[in-house]
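[1] Just a sequence and a predicted model for now, questions to come.
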Amino acid sequence: MKETLLVVFYSLLSYLSLGQDVKSRFINSSPIFTDSPSLTISIKALKIGDEVPNISLGEIIGAPYKRASISDFKNRLLILDFWSTFCKSCINQFPKMAALQEKFRDRITILPVGFNFTDSNGGDIRKYVHSVMGTKKELKLPTAIQRTTDSVLGSLFPSIGLPWEIWIKDGRVIGITDHLAVTESNIRNIIEERNTKLVDRSQLRSFDWSLPFIINSKINGNTNGAFGSAFSRFIENILPPNGTGFSPDTSQIRFVVVNRTFYYYYWLAYKDSIQGLSEGGKRVIIEPIGKAPYEDGLADPATMDAGEYEKYRNENLFSYEVILSSKYSKVEFKSILISDLDRFFKVKSCVENRSMKCFALIRNTKDDKLYSKYKYKPGYQFDISDDKSSMNISNLLVSDLVQRLNELVEPLIIDRTNYKKEIDINIKISKDINDIRNELNKYGLDLREEVINIPMLVLRLN
């Protein structure tokens, strides 16, 4: 979820015409609306259960009607999906939103709400919609634009991150959630009036390094404060810190991880020691053989309804904090992290060489088909399609390619190319390893099956 520290102005997307008479499918009354007032006074943010005022949602483009307001969706479930052009997670979920809209048709309206950062007349949103036409990121939806003078919506539903979802039914707020809550199961339960408790994200806050987290001690400038480490189960309504998790305060070592899985923690502890280790459990051996601890942590939360997600997070997500003297080295810190993980999860972890079947990524030609044409330009690009069927890498290393392949395909892949320069590569991803080989061949690469002794992370259950 992308963060922003400013409440900025919103524009709004209306919906794809999924059949004849778009107007009657998504709008229930005349397209004559009054504008919402300019934001000249303080407006109190709404909470779950509050009535939503009948404000204008702004100008709509790409549709036979020009305006819309909240009351025009009173006879259906309305989901406002806040997004912006810089938020990849927001854009990636548009196909899911369109599919849900088509599935439930006139029983719901899902309205993506686009943030305009640069142009008070909506030029940013207009430019984006035009630029993605005919591409895989095309917005196949009518788009409404809310000018900066119509920013009441942003004050009624302030957010510190994106995507951000506002659920409205019968004129009242029934949910303020992240995008993971927008599932077929949750929508069906609500429109069929089943007992569904959406996870409330309205109190979500940014991580504040100046405040205690799990360890209850003074933090800033206190060299005599408590040192130690602690684990916690899932902690409500807090975003993880930006960056690596290390405090910017150099007078001590303070490291924080917020709401991550068992497998993430061991990936974090050993990723520098084992090539190809992944958060998904690749390069991990659990002994004795059987059901792995916290195995449900590998599930995809995007497929869960509200009840399933609440159970998942309470049983599989953990937070961690360690505060040490600045005299400790990073190596010593890593040793403490591993010791804490083993003690908390009741595991004995180590790295051992094991004989494993894998595929070695090799070069099959002397012709250099990889070298990045963006080598001398700042920045890089990494993009995986919404359905994980394609991957595009620009100005990154072969090690980045191998890491992503290991996250997307089942066989273990190791790097044998010895290629050290930046690369550009755009390939289709398939479950069939031969299809992937054919894609890699276009760039002078291949996958060769090997059985070799390689380092594996071994987790022995106590």
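    Arrived safely.

[2] What count of nearby residues applies to residue 177?
    Residues near residue 177, counting by other Cβ atoms under 10 Å, number 22. For the C-beta atoms, the positions are set from N, CA and C on the backbone; glycine is no exception.

[3] in the stretch 151-300 of the chain, which spans are strands?
    Taking DSSP state E, counting those that start in this stretch as the criterion, the stretch 151-300 of the chain contains strands spanning 161-162, 164-169, 172-177, 228-233, 252-260, 284-287.

[4] which one of these has the most crowded surroundings?
    Among the strands of the stretch 151-300 of the chain, strand 164-169 has the highest mean neighbour count (mean count of other Cβ atoms under 10 Å), at a mean of 23.

[5] What pairs with that one, parallel or antiparallel?
    Here strand 164-169 is paired, per DSSP bridges, with strand 77-83 (antiparallel), strand 172-177 (antiparallel).

[6] returning to that earlier point: the strands of the stretch 151-300 of the chain: which one's closest to residue 271?
    Across the strands of the stretch 151-300 of the chain, residue 271 has its closest neighbour in strand 284-287 (11.6 Å, Cβ to Cβ).

[7] Given the closest one, what are its sheet partners and their directions?
    Strand 284-287 sits in its sheet next to strand 445-461 (parallel), going by DSSP bridges.

[8] pLDDT averaged over the strand it pairs with - what is it?
    Averaged over strand 445-461, pLDDT sits at 93.

[9] Quickly note the distance from residue 413 to residue 98.
    Residue 413 is 33 Å from residue 98, where distance means Cβ to Cβ, to the nearest Å.

[10] Tell me if I'm right that residue 281 and residue 261 touch.
    No. If you go by Cβ atoms under 8 Å, residue 281 and residue 261 don't touch, sitting 9.7 Å apart.

[11] list the residues that contact both of these two?
    Common neighbours of residue 281 and residue 261, using Cβ atoms under 8 Å, 6 or more residues apart in numbering, are residue 298.

[12] tally of neighbours for residue 212?
    With neighbours defined by other Cβ under 10 Å, the count for residue 212 comes to 14.

[13] Kindly list the main-chain dihedrals of it?
    Note on residue 212: backbone dihedrals following degrees, to the nearest 10 are phi -60, psi 150.

[14] if I look at it, how far off is residue 103?
    Counting by Cβ to Cβ, the gap from residue 212 to residue 103 is 45 Å.

[15] again, but for residue 295
    Counting by Cβ to Cβ, the separation of residue 295 from residue 103 is 30 Å.

[16] Show me the contact partners of the top helix by length along the chain.
    Counting by DSSP state H, the longest helix found in the chain is helix 330-345. Identification of contacts with helix 330-345 by Cβ under 8 Å, 6+ apart yields 229, 231, 253, 255, 262, 265-266, 268-270, 293-294, 318, 320, 322, 324, 328, 347-349.

[17] from memory residue 323 sits against residue 215, does it?
    Yes. Between residue 323 and residue 215 there is a contact under Cβ under 8 Å: 5.8 Å.

[18] Those two: which is more packed in?
    Per other Cβ under 10 Å, whichever of residue 323 and residue 215 has more neighbours is residue 323, with 23 against 17.

[19] Pull out the buried residues from the helix or strand hosting the more buried one.
    According to DSSP states H and E, residue 323 maps onto strand 318-325. By 16 or more other Cβ atoms under 10 Å, the buried positions in strand 318-325 come out as 318, 319, 320, 321, 322, 323, 324.

[20] Dig out what residue 424 forms beta bridges with.
    Here residue 424 sits in beta bridges with residue 394, going by DSSP bridges.

[21] what's the neighbour count on it?
    Neighbour tally, residue 424, other Cβ under 10 Å: 19.

[22] quick one, which of residue 413 and residue 98 is more surrounded?
    Ranked by neighbour count (other Cβ under 10 Å), residue 413 and residue 98 place residue 413 first, with 24 against 18.

[23] Give me the pLDDT for the more buried one.
    pLDDT, residue 413: 90.

[24] quick one: contacts for it?
    Listed by Cβ under 8 Å, 6+ apart, the contact partners of residue 413 are 276, 358, 359, 360, 361, 402, 405, 406, 447.

[25] Tell me which residues touch the residue nearest to residue 322 when sequence neighbours are not counted, please.
    Excluding its sequence neighbours, the residue lying closest to residue 322 (Cβ to Cβ, 6 or more residues apart in numbering) is residue 229, at 3.9 Å. Contacts for residue 229 were tallied using Cβ under 8 Å, 6+ apart; they are 215, 320, 321, 322, 323, 336, 340.

[26] so which helix or strand takes in the nearest residue to residue 282 once chain neighbours are set aside?
    Nearest residue to residue 282, sequence neighbours excluded (Cβ to Cβ, 6+ apart): residue 406, at 5.5 Å. Using DSSP H and E, residue 406 falls within helix 398-408.

[27] what does that helix rub up against?
    Identification of contacts with helix 398-408 by Cβ under 8 Å, 6+ apart yields 275-276, 278-280, 282, 361, 370, 382, 384, 388, 391, 393, 412-415, 417, 419, 423, 425, 429, 436.

[28] May I see the ChimeraX selection of the buried members of those residues?
    Buried members of the contacts of helix 398-408, defined by 16+ other Cβ under 10 Å, are picked up in ChimeraX with:
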select :275,276,278,279,280,282,361,370,384,391,393,412,413,414,415,417,419,423,425,429,436
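
[29] Among the contacts of helix 398-408, name the ones in helices.
    Among the contacts of helix 398-408, DSSP H puts residue 436 in helices.

[30] which regions of the stretch 1-150 of the chain lie under the pLDDT threshold?
    Scanning the stretch 1-150 of the chain for pLDDT under 70 picks out the ranges 1-42, 117-123, 146-150.
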